[in-house]
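Trainee: just to be clear, the model below is a prediction. Sequence and coordinates:
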Amino acid sequence: MGMYTADVGELLEFLGQIAPGAYAAQQDTGWMSVQDYHRVFIILHVGTMGALGTIDLDVEQATDTTGTGMKNVTGFSITQLTQAGGDSDGVVILDLQMEQLDVSNNYDAINVEVTPLVAFSDFGVTVWGCSSRTKPASVAGLLQHVT
């Protein structure tokens, strides 16, 4: 058995979510600062998609957590998921590196936007800060942290 010196709770910090549910309209995580991380993992959990349903996911960036100067992260979105294509009951992981944001113009906040079209679809999103620049990760916002 390997020896590890860091607990996963020290490496990843829960930043936000779209709670799992059946949605027929756009859902957002809300703006969150990511300035303290080198990377952010975005995990989309897809359940049953409605007949002919589709799901799109975009990551938006801004200069603060009120959405000032909002624009999409260029070239960083998923290929549209479709019920007809068999994309129900799956997981999509996005690995956002801070260099992909417009850091030269002080963009350091993100919002994850998920848009189901045509029919209700079940999904949820979690957002995790990884590789903290300045502090150990916090377990705040988690229901449980089991080690």
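Mentor: Sure, I can see it.
Trainee: who's the residue nearest to the spatial centre of the chain bridged to?
Mentor: The chain has residue 42 as the residue nearest its centroid, 3.0 Å off, counting by CA atoms, centre = their mean. Counting by DSSP bridges, residue 42 forms beta bridges with residue 94, residue 127.
Trainee: list the contacts for it?
Mentor: 57, 59, 93-94, 96, 112, 125-128 (CB atoms under 8 Å, 6 or more residues apart in numbering). No exception for glycine: its C-beta is placed from N, CA and C like everyone else's.
Trainee: whichever of the residues you listed end up buried, select them in ChimeraX.
Mentor: Per 16 or more other CB atoms under 10 Å, the buried members of the contacts of residue 42 correspond to this ChimeraX selection:
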select :57,59,94,96,112,125,126,127,128
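Trainee: between the contacts of residue 42, which is nearest residue 78?
Mentor: Lowest distance from residue 78 to those (CB to CB) belongs to residue 57, with 4.7 Å.
Trainee: pretty sure that closest one sits against residue 45.
Mentor: No - look at residue 57 against residue 45 with CB atoms under 8 Å: they stay out of range, at 11.6 Å.
Trainee: now do the shared contacts for the two.
Mentor: residue 125.
Trainee: the helix or strand of the chain with the lowest mean pLDDT: what's the following helix or strand?
Mentor: Least confident helix or strand, the chain: helix 8-11 with a mean of 73, by mean pLDDT, DSSP states H and E. Per DSSP states H and E, helix 8-11 leads on to strand 12-23 as the next helix or strand towards the C-terminus.
Trainee: what does that next one contact?
Mentor: By CB under 8 Å, 6+ apart, strand 12-23 touches 27-30, 32, 34, 37, 40-41, 45, 47, 112, 114, 116, 120-130, 132, 137-142.
Trainee: and residue 68, what's its pLDDT?
Mentor: Listed pLDDT for residue 68 reads 98.
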